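Participant: Need a 3D model of the sequence below.
(one chain, ligands or ions: 3)
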Amino acid sequence: MANVAVIGTQWGDEGKGKVVDWLASRADIVVRFQGGHNAGHTLVVDGVTYKLSLLPSGVVRGKLGLIGNGVVLDPDALFAEIATLREQGLEVGPHNLRIAETTPLILPLHPALDRAREAARGQDKIGTTGRGIGPAYEDKVGRRAIRLCDLAEPETLSFKLDELLLHHNSLLKGLGAPLFEKQPLLDRLLALAPRLLPFAAPVWEILAEARSAGRRVLFEGAQAVMLDVDHGTYPYVTSSNTVAGNAAAGTGIGPGAIGLVLGIAKAYTTRVGSGPFPTELTDATGQLLGERGREFGTVTGRRRRCGWFDAALVRQAVTIGGVDGLVLTKLDVLDGLPELKICIGYRLGGQFLHRLPPAMRAQAACEPVYETLPGWSSSTRGARSYAELPAEAVKYIRRIEELVGAPVMMLSTSPDRDDTIALRDPFAG
Ligand code: GDP
Ligand code: IMO
Ligand code: MG
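Facilitator: Ligands and ions are numbered 1, 2, ... in the order given. Next up, the predicted model:
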């Protein structure tokens, strides 16, 4: 089994970027298969911080990066990110980044609709990143999307823009938002074509050839299972499937080629945006986790909500997401806490539930049922072997493995690339 997929098991920001960067040293190709620039992945390498949203985290290691058809691509965001990386001394171009020809594009009307709809929802807003992700996926499923390959066909662009504008302007008008005109959008797309088309490639074929040649592929998930459009805390989710199975549909490979699935879990829980969060802490401990963990969104700068580790939630995510092993991150943030709580299920209307119910009001009403474990006083920050961990920390990890039903294969003990404990090589299967 040569390939590995990395997915989030909570509500995002588990440290997927750091883990993918670490694993990328053992991979030949790193592929994004869903999401867009709503993702924010922070990597720290020798004291230098890299923030990636759209580019596969493997580019920092100099690996070939692929963006699969399951991603929604904002060309402006792409070029802005490439420019930032260039300032940091990393060159990204068609020599090391290929984008699936069938990738749908995010146009300026997508964030406009995203924001207008959020504003109209008022108190009930989803708390989206406002980057047009939902509207872009809607257009893909609605068969209206402009895809990367369309940039090579000006007549197709013109025809598709008519249909797209009919749809979007009707909605924007209803929401009382400014409308879009065709010509400026067409001019913009025509100007983009010569810059963007050199990146276009049959990603499915590149992956098939890589597979025949025995090359190692790393599939980089964005967001997380609890934000999955089917399996997450709907409607407070993103608009793509974040589970490992989507690595196949989102790139054009068979499900057997995905390989080992690593589920990334923070040693506690965070969430950005609205929606249910049974173990959320609004007290001083929640505040402490936020400060220690520097829990501010990479993309939005918004403060992340913090709470205890929810083993029932991660167990559900592991089962649905097809996770073979866990990577536990940010253990160091728990250093010095006198005791730790782990949620083992929920109480709802006098009943004990071992999983989150599907309906939104029931989800919001779930009370966590906790088990309490002793904390540890010494530091785990920067630990690079199990032997360096205090006994209570090892106990905490073991209990998580039991409750979640998956082995911990790797640990992360600081933002730095090298502060990682690998218990086995995931590429060894
Ligand atoms: P992603 O979206 O899953 O890639 O995660 P983000 O990068 O958005 O958020 C994770 C944050 O935690 C980043 O700022 C990382 O630098 C940081 N981080 C990752 N692993 C660790 C860790 O083990 N300990 C600490 N303290 N920070 C970490
Ligand atoms: P990474 O890859 C955390 C959340 C938003 C919002 C919901 C829908 O860094 O883990 P969207 O803009 O996608 O329509 O917003 O999903 N969200 C994330 N939260 N990490 C992310 O990505 C996220 N991407 C989207 O905050 O609640
Ligand atoms: Mg993030």
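
Participant: C-alpha only now, for contacts and for neighbours.
Facilitator: Fine.

Participant: What helices and strands are in contact with the biggest helix by length in the chain?
Facilitator: Longest helix in the chain, counting residues (DSSP state H): helix 154-174. Applying 3 or more Cα pairs under 8 Å, 6 or more residues apart in numbering; DSSP states H and E, one finds that helix 154-174 contacts helix 109-121, helix 182-196.

Participant: Output it as PDB - backbone C-alpha positions only.
Facilitator: This file holds the C-alpha atoms of helix 154-174, laid out as PDB (Å, rounded to 0.1, in the frame of the first residue of the first chain):
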ATOM      1  CA  PRO A 154     -14.000  31.700 -25.700                       C
ATOM      2  CA  GLU A 155     -17.400  30.800 -27.200                       C
ATOM      3  CA  THR A 156     -18.100  28.400 -24.400                       C
ATOM      4  CA  LEU A 157     -17.300  31.000 -21.900                       C
ATOM      5  CA  SER A 158     -19.700  33.500 -23.500                       C
ATOM      6  CA  PHE A 159     -22.500  30.900 -23.600                       C
ATOM      7  CA  LYS A 160     -21.900  29.700 -20.000                       C
ATOM      8  CA  LEU A 161     -21.700  33.200 -18.600                       C
ATOM      9  CA  ASP A 162     -25.200  33.900 -19.900                       C
ATOM     10  CA  GLU A 163     -26.600  31.000 -18.000                       C
ATOM     11  CA  LEU A 164     -24.500  31.700 -14.900                       C
ATOM     12  CA  LEU A 165     -25.600  35.400 -14.800                       C
ATOM     13  CA  LEU A 166     -29.200  34.600 -15.300                       C
ATOM     14  CA  HIS A 167     -29.000  32.400 -12.200                       C
ATOM     15  CA  HIS A 168     -26.800  34.600 -10.000                       C
ATOM     16  CA  ASN A 169     -28.300  37.900 -10.900                       C
ATOM     17  CA  SER A 170     -31.800  36.600 -10.100                       C
ATOM     18  CA  LEU A 171     -30.600  35.500  -6.700                       C
ATOM     19  CA  LEU A 172     -28.600  38.700  -6.000                       C
ATOM     20  CA  LYS A 173     -31.500  40.800  -7.000                       C
ATOM     21  CA  GLY A 174     -33.800  38.900  -4.600                       C
END
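
Participant: Now that helix: average pLDDT?
Facilitator: Taken as a whole, helix 154-174 has a mean pLDDT of 97.

Participant: again, but for stretch 275-286
Facilitator: For stretch 275-286, the per-residue pLDDT averages 97.

Participant: Name the residues of that stretch that are buried.
Facilitator: 275-281, 286 (16 or more other Cα atoms under 10 Å).

Participant: From these, which land in helices?
Facilitator: Counting by DSSP H, the part of those found in helices is G286.

Participant: Tabulate the buried residues of stretch 275-286 (JSON lines), appending distance to ligand 2.
Facilitator: Listed next are those as JSON lines, based on distance: Cα to the nearest ligand atom, whole Å:
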{"residue": "G275", "distance to ligand 2": "7"}
{"residue": "P276", "distance to ligand 2": "11"}
{"residue": "F277", "distance to ligand 2": "12"}
{"residue": "P278", "distance to ligand 2": "15"}
{"residue": "T279", "distance to ligand 2": "17"}
{"residue": "E280", "distance to ligand 2": "15"}
{"residue": "L281", "distance to ligand 2": "18"}
{"residue": "G286", "distance to ligand 2": "17"}
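
Participant: Max pairwise distance over the buried residues of stretch 275-286: which two?
Facilitator: Pairwise distances across the buried residues of stretch 275-286 (Cα to Cα) peak at 16.9 Å, for the pair G275 and G286.

Participant: Surely I7 forms part of a strand?
Facilitator: Yes - the assignment for I7 is a strand, going by DSSP: H, G, I helix; E, B strand; the rest coil.

Participant: What values do phi and psi take at the spatially most central residue of the chain?
Facilitator: The residue lying closest to the centre of the chain (Cα atoms, centre = their mean) is A222, at 1.9 Å. Backbone geometry at A222, expressed as degrees, to the nearest 10, gives phi -120, psi 170.

Participant: With D416 instead?
Facilitator: Torsion angles, degrees, to the nearest 10, at D416: phi -70, psi 140.

Participant: need the contact list for it.
Facilitator: 18, 43-47 (Cα atoms under 8 Å, 6 or more residues apart in numbering).

Participant: hmm, 7 Å instead?
Facilitator: If you count contacts by Cα atoms under 7 Å, 6 or more residues apart in numbering, D416 has them with 44-45.
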